[in-house]
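*Asks:* Can you look at this prediction? I've put the sequence above it.
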Amino acid sequence: MAQDRQTPGQKPASSAQRATTIEAKIDVGFGNTVYLRGQGPGLSWERGVPCECVNRNTWRWTAPRAEKLKFKLLLNDSIWAKGADLVIGPGEKVEVVPAF
């Protein structure tokens with residue numbers, strides 16, 4: 001009778017990849033939302049996706065798949081953050097302090 005054996009040091013095929021996380025550190029005031037636009041999974045330059053409000057001055061967006069992202073933050077999906085587009089590598093976490 002044959003048995004399936006795993007070679008020592010071999011990782012299971014279902015090992016999860018690390019998520020890519022962007023955190024914006026800013027208090028945008030009650031009723032306002034930080035959005036993200038860009039290039040990468042789930043992102044577009046034409047329409048923003050809302051970030052999750054973690055607390056009064058932290059907004060978070062997480063990409064479940066590990067891929068390089070190019071992005072920019074917006075206030076209420078209409079006012080672009082000042083400065084150049086930002087880039088984050090797969091599985092990285094970045095904290096940004098945007099100015100609108």
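*Replies:* The structure has been received and is ready for your questions.
*Asks:* buried residues in stretch 26-46?
*Replies:* Neighbour-count burial for stretch 26-46 flags 26, 28, 34, 35, 36, 37, 38, 40, 43 (criterion: 16 or more other Cβ atoms under 10 Å). Any C-beta I mention is one placed from the backbone N, CA and C, and that applies to glycine too.
*Asks:* Tell me the span between the first and last residue of it.
*Replies:* Using Cα to Cα, to the nearest Å, the end-to-end distance of stretch 26-46 comes to 23 Å.
*Asks:* What average pLDDT does it get?
*Replies:* Taken as a whole, stretch 26-46 carries a mean pLDDT of 95.
*Asks:* can you pull the alpha-carbon coordinates of stretch 52-72 into PDB?
*Replies:* Provided in PDB are the C-alpha atoms of stretch 52-72 (Å, rounded to 0.1, in the frame of the first residue of the first chain):
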ATOM      1  CA  GLU A  52     -11.700  51.200   5.700                       C
ATOM      2  CA  CYS A  53     -11.900  53.700   8.600                       C
ATOM      3  CA  VAL A  54      -9.800  52.000  11.400                       C
ATOM      4  CA  ASN A  55     -10.000  54.900  13.800                       C
ATOM      5  CA  ARG A  56     -10.300  58.700  13.500                       C
ATOM      6  CA  ASN A  57      -7.000  59.200  11.900                       C
ATOM      7  CA  THR A  58      -6.200  55.800  10.200                       C
ATOM      8  CA  TRP A  59      -7.700  54.600   6.900                       C
ATOM      9  CA  ARG A  60      -6.700  51.100   5.500                       C
ATOM     10  CA  TRP A  61      -7.000  49.300   2.200                       C
ATOM     11  CA  THR A  62      -5.800  45.700   1.700                       C
ATOM     12  CA  ALA A  63      -5.200  43.800  -1.500                       C
ATOM     13  CA  PRO A  64      -5.600  40.000  -0.900                       C
ATOM     14  CA  ARG A  65      -3.300  39.100  -3.800                       C
ATOM     15  CA  ALA A  66       0.400  40.000  -3.800                       C
ATOM     16  CA  GLU A  67       1.100  42.200  -6.800                       C
ATOM     17  CA  LYS A  68       3.000  45.500  -7.300                       C
ATOM     18  CA  LEU A  69       0.600  48.500  -7.000                       C
ATOM     19  CA  LYS A  70       0.800  52.100  -8.200                       C
ATOM     20  CA  PHE A  71      -1.700  54.300  -6.400                       C
ATOM     21  CA  LYS A  72      -2.800  57.700  -5.200                       C
END
